[in-house]
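# mind folding the following:
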Amino acid sequence: MNTRYGSVILALAALLPYAAYAQEADLVLRNGAILSMDPSAPNATAVAIRGERIVAIGDDSVVERHVGAGTRQLDLQGRTVIPGLIDTHIHAIRGGQTYAFETYWYDAPSLEDALGRLERDAAARPVGDWVAVVGSWHPQQFQERRPPTLDDLDRAAPRHPAYVQYLYDYALLNTRGIEALGLDLPRPPSLAGITVERDAQGRATGKLLGGVGPFNALFARLSHTADREAGLLAFLRAMNARGLTGFIDPSAGAPDAYEPLFALRDRGQLTVRAGYRVSAMRPGGEADWFRGVMAFRPPRHDDGEIAFLGLGENLVTAMNDAVRMGPGFDPPAGARQELVQVARFAAERRIPLEIHAYTDDAASAILDAFETVGRDHDLRPLRWSIAHLNTGSRRTLERMARLGLAYTVQMGPYFEGAAIREANAATVSDISPPVRIALDLGVPVAGGTDSTRIGVAGVWQAIEYHVRGVAIGGSAERRPDMLLSREEALAMYTRQAAWLAFDETDRGQLGVGKLADLAVLDQAYLTMPADRIHTVRSVLTLLGGKPVHDTGALPAAAGAPVR
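Sure, this is the predicted structure:
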């Protein structure tokens, strides 16, 4: 369906004075703490919804005139309501497809607990099927302060091959996993881009060393039995349960990775507004590759359910600093010039883009190219962004501000804070990521998670990190003056996120005429203990006024008791 643009009349009518045209609402939420994220009217207690849009917001008396015989009413009993969360940098399309296949350790308090989860999932699968943990955990989160050993994994999954990936740094196998991959055969198969650690006798220890591309390729091979569409649907519903109603995926990989997303849309099962970007699929000659891809495509397009939002995040392979923690990035002159060509093409066609830069020197090299293009093109309307920027300096952010670039921040330093501290001066790690500086300079900042490998999907862990600044297990901590207020952190995943998606007129805030994308929270976000923010969940999530997650909060029908 494409109801967004079919609701123009409704949206215009909603803007008429109440006395002239009081529309009967389909649903009224009242007696709540509504955080509209609209700076001109930040707080309200009630909201009225008709169709997919908000027709009134304010106090209970404002929405009362929209209550009719067909109106369902929900007494929020003081609960907090926010605009639906939008994750602006999440590998949801690829990572979501293996959601049901993976085991998750991001919230495991101990290694014993983590291994118990692996054992549970192994017990539910046929003997010989893989079990896998793929990122989003850190040894410092465990009481034992260590990763699992081969023996640990053997005990947890004695009859199943097990694969446990630590971010993109290394991966661990159990004995069954070593056997399944044939790593101790006389002529072991090659794992492209991956080094197999071996002991003094030449036998595989179970540890693999690699990088983003090689590990992604290996896991794709191990997870070939996963039901991709079912996994993606389950993932999106899990995100709805956290209040998420939208995302931007910077790179889903190979073209066929998008098909499950399109299939859910075509069957009317999509429960979020999904944006995506396209990355270069070959190293070298990227400008020509993008010209071919964009030859029959508009700069951006949004049908209300799926939006194409340009290029990202790998624009030129040799300019991608992957997951470097420290300085030393120095791409060849040819790669720098190739980025100039890609950026010039995007500027000429008015194509949005996002580019990956973990470190300050990577961002500096990127800005050299963008400044060259910026001499001839105004980049501000294009909403180009630099992602990650974990060690970004004030000078880099000042250059971004002059060009009119945005900054999309993720939660990599939550897991990598200690590594950033070890690779850089303390003055760098103490402010990582430099969101406070960016905001103070007027750089637009939108929030992402970078999940599912280096972040925790569902946004709330990322919000807590921006508010508290404490890395996992207390492994690193930001300076107090670098922290964000709760309102600032939430804005990055609502109002600012919608702006990055070119959708600020429709979502990211709660107001008359806006889409009714919202979440009713189970805890008081503004006043609850900061170290519990990661536990926030939604009791009711609406997408265009329709429930995509409901714990039983919504009245069954009009005339039902207000509760």
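# show me where pLDDT drops low in the chain?
Scanning the chain with the threshold set as pLDDT under 70 gives 1-21, 559-563.
# so which residue is dead centre in it?
Ile90 (3.0 Å; CA atoms, centre = their mean).
# Phe247 is in contact with that one, correct?
Yes: Ile90 lies in contact with Phe247 (CB atoms under 8 Å); the separation is 5.0 Å. C-beta here means a position set from N, CA and C on the backbone, and glycine is covered the same way.
# next one: stretch 265-274 to chain centre, how far?
Remark: stretch 265-274 is offset 17 Å from the chain centroid, using CA atoms, centre = their mean, to the nearest Å.
# from the rest of the structure, what touches that stretch?
Stretch 265-274 is contacted from outside by 1, 86, 92-93, 233, 236-237, 239-240, 244-247, 249, 261, 264, 304-307, 503, 507, 517, 543, 548-549, using CB atoms under 8 Å, 6 or more residues apart in numbering.
# buried sites along it?
270-274 (16 or more other CB atoms under 10 Å).
# which residues in the stretch 51-200 of the chain form helices?
60-64, 92-96, 111-123, 150-156, 175-181 (DSSP state H, counting those that start in this stretch).
# as a markdown table, the ones you listed with distance to Ala497 and mean neighbour count would be great.
Output for the helices of the stretch 51-200 of the chain, formatted as a markdown table (distance: least, CB to CB, whole Å; neighbours: other CB atoms under 10 Å):
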| stretch | distance to Ala497 | mean neighbour count |
| --- | --- | --- |
| helix 60-64 | 26 | 16 |
| helix 92-96 | 14 | 25 |
| helix 111-123 | 31 | 18 |
| helix 150-156 | 38 | 19 |
| helix 175-181 | 38 | 20 |
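# right, so of those helices, which gets closest to Leu367?
helix 92-96 (28.3 Å; CB to CB).
# so which elements touch that closest one?
helix 228-240, strand 244-249, strand 273-278 (3 or more CB pairs under 8 Å, 6 or more residues apart in numbering; DSSP states H and E).
# for those, give me TSV that also has distance to Pro298.
Shown next, in TSV, are the helices and strands packed on helix 92-96 (distance: least, CB to CB, whole Å):
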stretch	distance to Pro298
helix 228-240	25
strand 244-249	17
strand 273-278	13
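# now, of the ones you listed, which is deepest in the fold?
Mean neighbour count (mean count of other CB atoms under 10 Å) peaks for strand 244-249 among those, with a mean of 28.
# between helix 228-240 and that strand, find me the angle.
120 degrees (axes from the mean of the first three to the mean of the last three CA atoms, to 10 degrees).
# ok, back up a step: with distance to Thr494 added, can I get the helices of the stretch 51-200 of the chain in a markdown table?
A markdown table is the format used below for those (distance: least, CB to CB, whole Å):
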| stretch | distance to Thr494 |
| --- | --- |
| helix 60-64 | 21 |
| helix 92-96 | 17 |
| helix 111-123 | 32 |
| helix 150-156 | 39 |
| helix 175-181 | 42 |
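# to Glu477, which of the ones you listed lies closest?
Among the helices of the stretch 51-200 of the chain, helix 111-123 comes nearest to Glu477, with 23.2 Å by CB to CB.
# other residues contacting the lengthiest helix in the chain?
For the chain, the helix with the greatest residue count under DSSP state H is helix 333-349. With contacts defined as CB under 8 Å, 6+ apart, helix 333-349 is touched by 284-287, 290-291, 294, 299, 310-311, 315-319, 351-353, 365-366, 368-370, 372-373, 376-377, 379, 382, 384.
# tell me the helix or strand right after it.
Reading on from helix 333-349 to the C-terminus, the next helix or strand found by DSSP states H and E is strand 354-357.
# list the pairing partners of that next one within its sheet, with orientation.
Here strand 354-357 has these sheet partners by DSSP bridges: strand 385-388 (parallel).
# quick one, which of the helices and strands packed on helix 92-96 is nearest to Thr494?
It is, among the helices and strands packed on helix 92-96 and with distance given as CB to CB, strand 244-249, at 9.6 Å.
# quick check, Phe290 in contact with Ala280.
Yes: the pair Phe290 and Ala280 passes the contact test of CB under 8 Å, sitting 6.8 Å apart.
# what touches both of these two?
If you check Phe290 and Ala280 against CB under 8 Å, 6+ apart, the residues they both contact are Leu315.
# got a list of what the residue lying closest to Asn174 once chain neighbours are set aside touches?
Among residues not flanking Asn174 along the chain, Leu153 sits closest, at 3.6 Å (CB to CB, 6 or more residues apart in numbering). If a contact means CB under 8 Å, 6+ apart, then Leu153 has 115, 118, 162, 164, 172-174, 177, 206 as its contacts.
# how near is Leu153 to Gly473?
Here Leu153 is placed at a distance of 21 Å from Gly473 (CB to CB, to the nearest Å).
# just the buried residues out of the contacts of helix 333-349, in ChimeraX syntax.
The buried residues among the contacts of helix 333-349 can be selected in ChimeraX (16+ other CB under 10 Å) with this line:
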select :286,287,290,294,310,311,315,316,317,319,351,352,353,365,366,369,370,373,377,379,382,384
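# residues in contact with stretch 91-100?
With contact meaning CB under 8 Å, 6+ apart, stretch 91-100 is reached by 132, 134, 216, 219, 223, 226-232, 234-236, 238-239, 247, 249-253, 257-258, 260-261, 274, 276, 450-453, 457.
# roughly how far does the residue nearest to the centre of the chain sit from Asp440?
Taken as CB to CB, the span from Ile90 to Asp440 is 26 Å.
# secondary structure element for Ile420?
Judged by DSSP H and E, Ile420 forms part of helix 412-423.
# give the contact list for Ile57.
Taking CB under 8 Å, 6+ apart as the test, what Ile57 contacts is 34, 36, 41, 44, 46-48, 63, 510-512.
# ok, Asp531 touching Tyr465?
No: Asp531 is beyond contact range of Tyr465, at 10.8 Å (criterion: CB under 8 Å).
# which one's more surrounded, the two?
Neighbour count, other CB atoms under 10 Å: between Asp531 and Tyr465, Tyr465 has more, with 28 against 11.
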